[in-house]
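Visitor: the sequence and its predicted three-dimensional model are supplied below.
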Amino acid sequence: MNVGAFVCSCGDTCDIDLKAVREGVDEVDVVASSELLCQDGRPAMSQVIEEYDLDQLIATTPEPSCQERIRALADDHGLHPEATAFVDHRESTAWVHDAEEATEKTARLINAKQAGLAEEAVSRTVSTEAGERVAVVGDPEAARSLSDEADVTLFADGREFADEEELGDVRVERGHAAAVEGRFGEFELVVRAQVTEDCIDCLECVREGPDGMVTEFPVDIHPEAPDGDWVDVCPTDAIDLDGTTRRYEFDQVVHPGGTARSRGGRVGYYTGPVDAGTIAAVEAHLGGIEKPKFLDLEMDVCAAGESSQQGCTACVDACPHEAVDRPAIDEVAFDETACQNCGACTSACPTGATRLREPSNERIAREVETLVEREESGGLLGDSSGIDEQVVAFVCSERAKERLRAHGRRARRQEDLSYPPVLPVEVNCTDTVGEAHVMHALAAGADGVAIVGCGGACLHSGPDPKAELIERLNTATTDLGLGERVGFFAPEAGEPAAFAAELSAFVDGLGETPIPAGEHEASGRIDTDRPNPDFDSHGWTLESVRALLEHVEPDREVIRGLKDFGLLSVNDSCTLTPTCTNLCPTDAIRRTDDGQLQFNHERCVNCELCEEGCPETAITMETGLDLSLLPERNDGEAWTTVHEDEMLECVRCGKPFTSAASAAKVEAEVGDRVDGLAPDSSHSVFEYCGDCRGRLLFDQGDKR
């Protein structure tokens, strides 16, 4: 692929050194610059595209109209619709940093964009078919708005619609919405009413019933209506004050008064105020959905459970859109059309069973590594490099990104706002960011990591989304001897000074990292024998920690705060049954022939399946990374013995088959019941392995 980078100064409104940027960009085929790239510079840009036969364009403009002009130019040259990529050198760079910082940062952003494009996933789609059945609860205006396009049923939810007009195309039903179950295309609305389907709308109950307790259209009775003689006026006995339950099937549900179980809502179920956006979303989903495939799933390495034992629940707990479910205690199911691409499940998953397609962890890693440069290079401007503290900022691509742009525009107007030149890596949502991303950025040589999100306005996580993550990771970095180096920031609309002050205080308080920049390139794995995909959270985090340990002296042997690492302890109740070894999804537990139960801390992802399934409740799991148990700090040995017992050998074949404790336990429980099963044998049936015991009993079957 031939790649060209094009740098613009936006009519000299961006104070950057175009020549220095050109010299600082590498790994592309050509770099060109212009004062007005999207206007006067387009003919020259066209000439460069032809001369170098470019397939991919990277241009410095955040402005949508400029981006459209450049896309149109690419289209004129027959390039792929996605062959243009853009870098913000203005609102979040030149307008909030000084000239040296902005010049340095612009070149780094172009290099990072190129590194990311090299890892970009091929687009795929998922789809779900659906009909046009829409339920609207208690909102006649929404029902009217949708009735031209959809098959709408309006549920009164206790409201009186007698004076409502233009509902001729809307089916109106009585009852209060009690629950909404299911998913897009398969919703089930549960409705409670005090009037049955036998009602003939004679209005006798309306005339005779308690004031304000009976609605005329549709006829229904308030759940708290008092009993009395008035109930007997119904000629069809349709009044049931105890309430009746009905279930209706719909493709989508509009429920303004409903409360979604998930923080970010779910596809096809709309709660809260209904506006034009709600109506547009419903209409867009009529007939079904076809959307990009956001996730790669590899459930063979999932640690959710096995053999009716519940293990890791990270993805289910993390998903803010009810796109992940547990149809059974040892099963996880993904509804990919309900996925909103926030990345919460992927950053929470320790094994790599679920991964974002774009940006992939590998793409993020390459962008980070490209942004963080070697200090000895001196920067683009020699000894006066504009960027001193190298802080990687994972920036939400939704509201946070837009607020940073708004802050930059305000800075351009007032010229009184600046903040440190953090190095942005754009993510779908800050939910995408987990411990692996942060530890990798520090291993790459970043002085600190800023997670820049939407705060309480987040469309996915809700208020204070990253407080727990920040606390955990600062605990881990402190234990590693680096001090606190991670922060969360939520730029608020109209308050750029507060954000700038908070971010500046964070950067100023970091201090230089002892980790050399630009030396670490992640492979995303720790063991080629592991079936997990590269850049799974557990493996990627451990690889990063190992890179850090080459340059730091930890303050503790056990590093706290890293959730994807477990410490196993076993008490004397253990009888060495193979339950834990069979359940462990990462083969981190094994039983040897000489009676040892061994644990491989390097492989353990802390799913707790072993603790959950242990029949003797002998296992306890705790969270933490014990450095002394890693093979490089344990004389090269990955396995440690956590319990041992004498192993019994079969008296017939000599094969070790169970522990002495297990055999004693079984004999104590059922010994009386099997006494005399093998009268000719000089040994107890408990001294034979399973295979030999079966043959023994078969041989003596005629003698019993």
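Guide: That came through, no problem. Residues are numbered from 1 along each chain as shown.
Visitor: what about the helices in the stretch 401-550 of the chain?
Guide: 435-443, 467-479, 496-508, 537-549 (DSSP state H, counting those that start in this stretch).
Visitor: can I get these in JSON lines with distance to Ala162, mean pLDDT and mean neighbour count?
Guide: Just so you know, the C-beta spots here come from the backbone N, C-alpha and C atoms, and that holds for glycine as well. What follows is these, written out as JSON lines (distance: least, CB to CB, whole Å; pLDDT from 0 to 100; neighbours: other CB atoms under 10 Å):
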{"stretch": "helix 435-443", "distance to Ala162": "58", "mean pLDDT": "98", "mean neighbour count": "28"}
{"stretch": "helix 467-479", "distance to Ala162": "50", "mean pLDDT": "96", "mean neighbour count": "19"}
{"stretch": "helix 496-508", "distance to Ala162": "52", "mean pLDDT": "95", "mean neighbour count": "16"}
{"stretch": "helix 537-549", "distance to Ala162": "58", "mean pLDDT": "97", "mean neighbour count": "24"}
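Visitor: what's the closest of these to Glu129?
Guide: helix 537-549 (33.9 Å; CB to CB).
Visitor: was I right to think Val507 contacts Val391?
Guide: Yes - the pair Val507 / Val391 is scored as a contact, 5.6 Å apart, by CB atoms under 8 Å.
Visitor: overlap in contacts, those two.
Guide: 420, 422, 447-448, 450 (CB atoms under 8 Å, 6 or more residues apart in numbering).
Visitor: and of the residues you listed, the nearest to Lys665?
Guide: Gly448 (54.3 Å).
Visitor: what sits against the closest one?
Guide: 389, 391-392, 485-487, 506-507, 510, 513.
Visitor: partner residues bridging it?
Guide: Beta-bridge pairing of Gly448 under DSSP bridges involves Val391.
Visitor: and for the one 4 residues further on?
Guide: In this structure, Val452 has the following beta-bridge partners (DSSP bridges): Val395, Phe489.
Visitor: quick check, pLDDT for it.
Guide: As predicted, Val452 sits at a pLDDT of 95.
Visitor: on that earlier part again, just send the shared contacts of Val507 and Val391 back as TSV, with distance to Val332 too.
Guide: Shown next, in TSV, are the shared contacts of Val507 and Val391 (distance: CB to CB, whole Å):
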residue	distance to Val332
Pro420	41
Val422	36
Asp447	38
Gly448	35
Ala450	32
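Visitor: tell me the one among the residues you listed nearest to Val274.
Guide: Nearest member of these to Val274, counting by CB to CB, is Ala450, at 36.7 Å.
Visitor: for Met439, see how far away that closest one is.
Guide: 15 Å (CB to CB, to the nearest Å).
Visitor: my read is that Met299 contacts Ala333, right?
Guide: No - look at Met299 against Ala333 with CB under 8 Å: they stay out of range, at 9.4 Å.
Visitor: what's the weakest-modelled helix or strand in this structure?
Guide: Least confident helix or strand of the chain, by mean pLDDT, DSSP states H and E, is helix 660-674 with a mean of 75.
Visitor: which outside residues touch it?
Guide: So helix 660-674 is contacted by 574-577, 645-648, 684-687 (CB under 8 Å, 6+ apart).
Visitor: for stretch 584-597, same thing?
Guide: Contacts of stretch 584-597 (CB under 8 Å, 6+ apart): 301-303, 306, 311, 351, 530, 532, 568, 570, 574, 576, 578, 580-581, 598-605, 607, 609-610, 639, 641-647, 656, 659.
Visitor: what's next to the longest strand belonging to the chain, contact-wise?
Guide: Taking DSSP state E as the criterion, the chain has its longest strand at strand 239-250. For strand 239-250, contacts defined as CB under 8 Å, 6+ apart pick out 133-135, 153, 173, 175, 178, 186-197, 205, 221, 223, 225, 227, 231.
Visitor: any of the residues you listed buried? List them.
Guide: The neighbour-count test (16 or more other CB atoms under 10 Å) marks 133-135, 153, 173, 175, 187, 189, 191, 193-196, 205, 221, 225, 231 as buried among these.
Visitor: so which of these are in helices?
Guide: Cys205 (DSSP state H).
Visitor: which of the buried ones among the contacts of strand 239-250 fall in strands?
Guide: Counting by DSSP E, these contribute 133-135, 153, 173, 187, 189, 191, 193-195, 221 to strands.
Visitor: export these to a markdown table and tack on pLDDT and distance to Val670?
Guide: Compiled in a markdown table, those are given as follows (pLDDT from 0 to 100; distance: CB to CB, whole Å):
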| residue | pLDDT | distance to Val670 |
| --- | --- | --- |
| Arg133 | 97 | 58 |
| Val134 | 98 | 61 |
| Ala135 | 98 | 57 |
| Thr153 | 97 | 61 |
| Glu173 | 96 | 60 |
| Phe187 | 96 | 51 |
| Leu189 | 97 | 53 |
| Val191 | 97 | 54 |
| Ala193 | 97 | 57 |
| Gln194 | 97 | 58 |
| Val195 | 96 | 61 |
| Ile221 | 96 | 62 |
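Visitor: would you list these in JSON lines and tack on distance to Pro256?
Guide: Output for these, formatted as JSON lines (distance: CB to CB, whole Å):
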{"residue": "Arg133", "distance to Pro256": "18"}
{"residue": "Val134", "distance to Pro256": "13"}
{"residue": "Ala135", "distance to Pro256": "12"}
{"residue": "Thr153", "distance to Pro256": "15"}
{"residue": "Glu173", "distance to Pro256": "16"}
{"residue": "Phe187", "distance to Pro256": "16"}
{"residue": "Leu189", "distance to Pro256": "14"}
{"residue": "Val191", "distance to Pro256": "16"}
{"residue": "Ala193", "distance to Pro256": "19"}
{"residue": "Gln194", "distance to Pro256": "22"}
{"residue": "Val195", "distance to Pro256": "23"}
{"residue": "Ile221", "distance to Pro256": "22"}
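Visitor: and which of the residues you listed is nearest Phe294?
Guide: Nearest member of those to Phe294, counting by CB to CB, is Phe187, at 21.7 Å.
Visitor: show me what contacts the closest one?
Guide: Phe187 touches 135, 180-181, 249-253, 268-269, counting by CB under 8 Å, 6+ apart.
Visitor: ditto for Val570
Guide: 597, 618-620, 642-643.
Visitor: excluding chain neighbours, what is closest to it?
Guide: His643 (4.1 Å; CB to CB, 6 or more residues apart in numbering).
Visitor: derive a ChimeraX selection command for the buried subset of the contacts of helix 660-674.
Guide: In ChimeraX, a selection of the buried entries from those looks like this (16+ other CB under 10 Å):
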select :574,575,576,577,645,647,648,685,686,687
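Visitor: in strands only, show me the contacts of helix 660-674.
Guide: 647-648.
Visitor: let's have the contacts of helix 660-674 in JSON lines, adding pLDDT.
Guide: Listed next are the contacts of helix 660-674 as JSON lines, based on pLDDT from 0 to 100:
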{"residue": "Cys574", "pLDDT": "91"}
{"residue": "Thr575", "pLDDT": "88"}
{"residue": "Leu576", "pLDDT": "88"}
{"residue": "Thr577", "pLDDT": "86"}
{"residue": "Asp645", "pLDDT": "85"}
{"residue": "Glu646", "pLDDT": "83"}
{"residue": "Met647", "pLDDT": "80"}
{"residue": "Leu648", "pLDDT": "84"}
{"residue": "Ser684", "pLDDT": "80"}
{"residue": "Val685", "pLDDT": "77"}
{"residue": "Phe686", "pLDDT": "80"}
{"residue": "Glu687", "pLDDT": "82"}
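Visitor: on that earlier part again, return the closest of the contacts of Phe187 with respect to Thr259.
Guide: For the contacts of Phe187, the nearest to Thr259 is Val180 (9.9 Å; CB to CB).
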